[in-house]
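Visitor: I would like to see how this sequence folds:
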Amino acid sequence: GADLAVERTIVDEAKVGARIDELAATVNAGATDAHVTGFDAQTLTFTFAEGEAGYAVDADALKSQVLSAFANGGGSVSAQVSLVQPTTTVAELSAKYGLIDSATTNASSSSSNRLSNIALACSTINGLKLDPGETFSFNGVLGKRTTDKGYKSAPAFVNGLVEEDVGGGICQVSTTLFNAAVKADMTVVERSPHSRPVSYVDRGKDAAVNWPDTDLKFRNDSQDPIWIVAEVTENKRVVISIYGKLFENGGSIIIEAKTTETLEPDQPEMRPNSSLAPGEQVVVEDARTGYRAEAYKVYLDADGNEISREPLCRSTYRASGGVIEYGPTY
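Guide: Here you go, the predicted structure:
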């Protein structure tokens with residue numbers, strides 16, 4: 001008789017496993033969790049979409065079948081596919097969304113023009129959505145404040161003086177928004193103090209804006225979108241709220257500010273005015289004390305106990321000796 005050579009098939013298990021993993025990856029479809037799809041700033045309600053189940057190939061079981069078939073000289077194999085359920089439902093997710101925090105300032109002493117400007121600025125940012133990683137710019141959203149847009153002339157700080165300016169008063173909106181954004185754990189990118197303290201917040205908590213060079217910017221570094229709700233109430237309060245996914249620990253954030261230094265005014269600036277009688281003097285601008293202030297972002301637990309704090313911003317409000325006009329003597 002003749003001797004027959006029998007070839008043995010050598011199976012590379014690592015290559016088989018890698019190939020099966022590749023095939024499984026082309027078939028697998030992950031589950032889609034329930035997710036937020038929108039927010040209505042009028043009704044203050046969120047809309048959600050239910051998740052969808054996915055499916056996954058049992059790659060380990062398929063690998064065992066293939067290797068067994070090789071060992072037995074052949075055979076059929078079948079992939080086992082299982083459903084992958086979403087990890088979060090709308091019912092569960094909706095309980096995690098709501099009012100993150102808000103800030104309120106008093107505008108009751110404002111003129112009608114100033115209130116009109118505040119209301120217009122609030123309506124412009126009301127309902128605005130900020131996606132994860134997106135940066136909000138106050139000047140970018142409002143643009144230049146002009147009469148064509150409906151802004152009116154009202155008192156505003158201009159180089160430390162109170163002057164009539166188109167859009168006067170909207171710094172109260174940027175200030176209120178700044179406070180709300182910090183309390184909602186937004187990341188402050190740009191913020192400037194006023195040239196002098198404002199009446200509606202403590203020193204160190206204000207945020208001045210001026211077109212085009214002084215802006216308020218903050219970034220949403222969370223994993224979820226947030227929405228801004230802004231309004232002027234009937235009792236002339238500016239209320240800005242941030243809605244989105246609530247803090248998981250049930251805690252909150254507050255802003256603490258303190259004055260660190262008082263700056264004494266210099267000597268007044270003396271300006272000749274030929275319309276005044278010789279020796280006559282008129283105070284054009286009162287002297288004012290200046291200040292330095294520091295603000296901190298303070299994290300609290302659900303019981304209101306401090307967990308940690310971090311520096312938020314520093315502010316300098318310039319002192320001024322004022323301006324006196326006098327009648328020159330000849």
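Visitor: pretty sure residue 49 is in contact with residue 34, am I right?
Guide: Yes - if you go by CB atoms under 8 Å, residue 49 and residue 34 touch, sitting 6.6 Å apart. Heads up, the C-betas are built off the backbone N, CA and C, glycines and all.
Visitor: got any residues that touch both of the two?
Guide: With contacts taken as CB atoms under 8 Å, 6 or more residues apart in numbering, residue 49 and residue 34 have residue 90 as neighbours in common.
Visitor: Mind checking which of those two has more residues around it?
Guide: residue 34 (19 against 14; other CB atoms under 10 Å).
Visitor: Tell me who's in contact with that one.
Guide: 48-51, 86, 88-90, 92-93.
Visitor: now these in JSON lines, with distance to residue 19?
Guide: Below are these laid out as JSON lines (distance: CB to CB, whole Å):
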{"residue": "48", "distance to residue 19": "40"}
{"residue": "49", "distance to residue 19": "36"}
{"residue": "50", "distance to residue 19": "36"}
{"residue": "51", "distance to residue 19": "31"}
{"residue": "86", "distance to residue 19": "30"}
{"residue": "88", "distance to residue 19": "34"}
{"residue": "89", "distance to residue 19": "36"}
{"residue": "90", "distance to residue 19": "39"}
{"residue": "92", "distance to residue 19": "39"}
{"residue": "93", "distance to residue 19": "38"}
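Visitor: Going through those residues, which one is the model least confident about?
Guide: Among the contacts of residue 34, residue 86 carries the lowest pLDDT, at 83.
Visitor: For residue 134, see how far away that residue is.
Guide: Distance of residue 86 to residue 134, computed by CB to CB, to the nearest Å: 26 Å.
Visitor: How about residue 248?
Guide: Residue 248 is 21 Å from residue 134, by CB to CB.
Visitor: Filter the contacts of residue 34 down to the ones in helices?
Guide: Those of the contacts of residue 34 mapping onto helices are 90, 92-93, per DSSP state H.
Visitor: Relative to residue 290, how far out is residue 263?
Guide: With CB to CB as the criterion, residue 263 and residue 290 are 3 Å apart.
Visitor: OK, contacts around residue 39?
Guide: If you count contacts by CB under 8 Å, 6+ apart, residue 39 has them with 45-47, 127, 129, 227, 243.
Visitor: Show me the helices in the stretch 201-330 of the chain, by range?
Guide: Counting by DSSP state H, counting those that start in this stretch, the stretch 201-330 of the chain has no helices at all.
Visitor: Pass me the low-pLDDT residue ranges in it, would you?
Guide: For the stretch 201-330 of the chain, not a single residue meets the criterion pLDDT under 70.
Visitor: same deal with the stretch 1-150 of the chain?
Guide: 1-10.
Visitor: which residue sits closest to residue 138 in space, ignoring its chain neighbours?
Guide: residue 216 (4.2 Å; CB to CB, 6 or more residues apart in numbering).
Visitor: Just confirm the one you found contacts residue 177, I think it does.
Guide: Yes - between residue 216 and residue 177 there is a contact under CB under 8 Å: 6.8 Å.
Visitor: Identify the contacts common to these two.
Guide: 138, 207.
Visitor: re the thing from before, how many other residues sit next to the residue nearest to residue 138?
Guide: 25.
Visitor: same thing with the one 3 residues further on?
Guide: By other CB under 10 Å, the residues close to residue 219 number 17.
Visitor: Same question for residue 227.
Guide: 21.
Visitor: re earlier: show me which of residue 263 and residue 290 is the more surrounded one.
Guide: Using other CB under 10 Å, the more surrounded residue of residue 263 and residue 290 is residue 290, with 19 against 15.
Visitor: From residue 78, how far off is the more buried one?
Guide: On the measure of CB to CB, residue 290 and residue 78 end up 81 Å apart.
Visitor: What of residue 72?
Guide: Distance from residue 72 to residue 78, by CB to CB: 15 Å.
Visitor: right, and residue 190 touches residue 219 too?
Guide: No - if you go by CB under 8 Å, residue 190 and residue 219 don't touch, sitting 10.0 Å apart.
Visitor: Just give the number of residues close to residue 92.
Guide: Using other CB under 10 Å as the criterion, the residues surrounding residue 92 number 12.
Visitor: how about the closest residue to it other than its chain neighbours, phi and psi?
Guide: Distance criterion CB to CB, 6+ apart; nearest residue to residue 92, sequence neighbours excluded, is residue 34 at 7.3 Å. Main-chain torsions, residue 34, degrees, to the nearest 10: phi -60, psi 140.
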